[in-house]
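> Provide a 3D model corresponding to the input given below.
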Amino acid sequence: MSYKNFNCLECGEEFGESKKLHMHLRSHKIIMGNYYVKHYPRKSLFDGELIPFKTLEQYMGSYFFDDAERDKWLESASTERVQAFLLKTFKDAFNKNNNEALTYNDIASSRLPSVESCIKTFSSYGLMCKQLGVKATLSKRIPSDFWTADLSKMTIMIDTREQTPFVYRNSISSKIDIGDYTAMGDDYDYTYVDRKAKGDFISTLSKANFERFKKEMQRVRDLESQIYVVVEAPIKEIKERKSFNRKQASVEHIFHNMREIQREFSDVCQFVFADNVEHAREITARILKCGKNIWGVDLQYFINNR
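This is a model prediction of the structure:
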């Protein structure tokens, strides 16, 4: 029985939309949450307990009390049950994404099961996507020398507006029109890095700056270049903050805007989350060294599964 038939299960009266049905529930002196728990009880796959109602979309789409409980179930359930659950979950997610696969950071910044759980169950995320009939947006493999290429002779140009720039053996300070860092000479390859401290990342994707950032990404596209937004903190660390200050949006809204940027500008922009400042410094140099050889690579996937 679908919860979208808009028929009142208390008295049988029919309604054409959910809003009218929910207003009608007042006549039965029952609140919306209790109504759906009563007539559409959903129990956790982990322990069979009733799932609490928070919002209608959350409730009808939930199979567990929370993400931690889901992850425990993924570790303990049979391979067949886990495969079926992951296929259904990601099929729904891909359908919402115009039947396109999601990137590593799309998944990591949302409430979906981790890419690592897909790898454990299907051997690789790509194989699961193939089983669902979709192709990964960023499907290239990382160059074999990404972590080993010699950086000693590369010169990096650092934008003059960088107040505390990364320190490299060979670098010069000059005005850069795109981002904060790029390579010089033979290593220049239309590839740039926009460095973001955790606070900068949050501010950039907040309501006050979001449209301006989108215009910057359009400029990157117009110049037929590629920019990597390297953040000096892992996604997990940012997700653990439920909210920011009053002038900033919730963490969910910040990541929603990030995913919107990655979808709209998937051809020119990627976000990359480092473990810390030193890790960000190294990744920045290696991105610039590889240049176009990493365009089309889901870089975060290979960094986190190195």
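> domain parsing for the protein?
78-131, 156-304 (automatic domain parsing).
> Quick check: end-to-end length of the longest one?
Using Cα to Cα, to the nearest Å, the gap from the first to the last residue of domain 156-304 comes to 25 Å.
> on that earlier part again, can you convert the domains of the chain into CSV and add a column each for mean pLDDT and distance to Glu13?
Placement of C-beta: from N, CA and C, glycine included. Putting the domains of the chain into CSV (pLDDT from 0 to 100; distance: least, Cβ to Cβ, whole Å) gives the following:
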stretch, mean pLDDT, distance to Glu13
domain 78-131, 94, 31
domain 156-304, 93, 36
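> I'd like to know which of those domains is closest to Asp71.
Closest approach to Asp71 among those (Cβ to Cβ): domain 78-131, 7.6 Å.
> got the residue ranges for the strands in the stretch 151-300 of the chain?
Ranges of strands in the stretch 151-300 of the chain, per DSSP state E, counting those that start in this stretch, are 156-159, 171-174, 181-183, 191-196, 226-231, 269-273.
> okay, those in a markdown table with distance to Phe94 next?
Shown next, in a markdown table, are these (distance: least, Cβ to Cβ, whole Å):
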| stretch | distance to Phe94 |
| --- | --- |
| strand 156-159 | 38 |
| strand 171-174 | 42 |
| strand 181-183 | 34 |
| strand 191-196 | 28 |
| strand 226-231 | 24 |
| strand 269-273 | 19 |
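> among the ones you listed, which is nearest Ile30?
It's strand 269-273; of those, that one is closest to Ile30 (Cβ to Cβ) at 44.5 Å.
> Can you give the contact residues for the closest one?
Strand 269-273 has contacts (Cβ atoms under 8 Å, 6 or more residues apart in numbering) with 103, 105, 138, 217, 220, 226-231, 233-235, 238, 258, 261-262, 283, 287, 298-300, 303.
> now swap in stretch 122-129 and tell me
Contacts of stretch 122-129 (Cβ under 8 Å, 6+ apart): 83, 86-87, 90, 94, 101, 104, 115, 118-119, 121, 131, 135-136, 139, 301.
> make it 10 Å
Stretch 122-129 is touched from outside by 79, 82-83, 86-87, 90-91, 94, 100-102, 104, 107, 114-119, 121, 130-131, 134-137, 139, 141, 298, 301, 305, with contacts defined as Cβ atoms under 10 Å, 6 or more residues apart in numbering.
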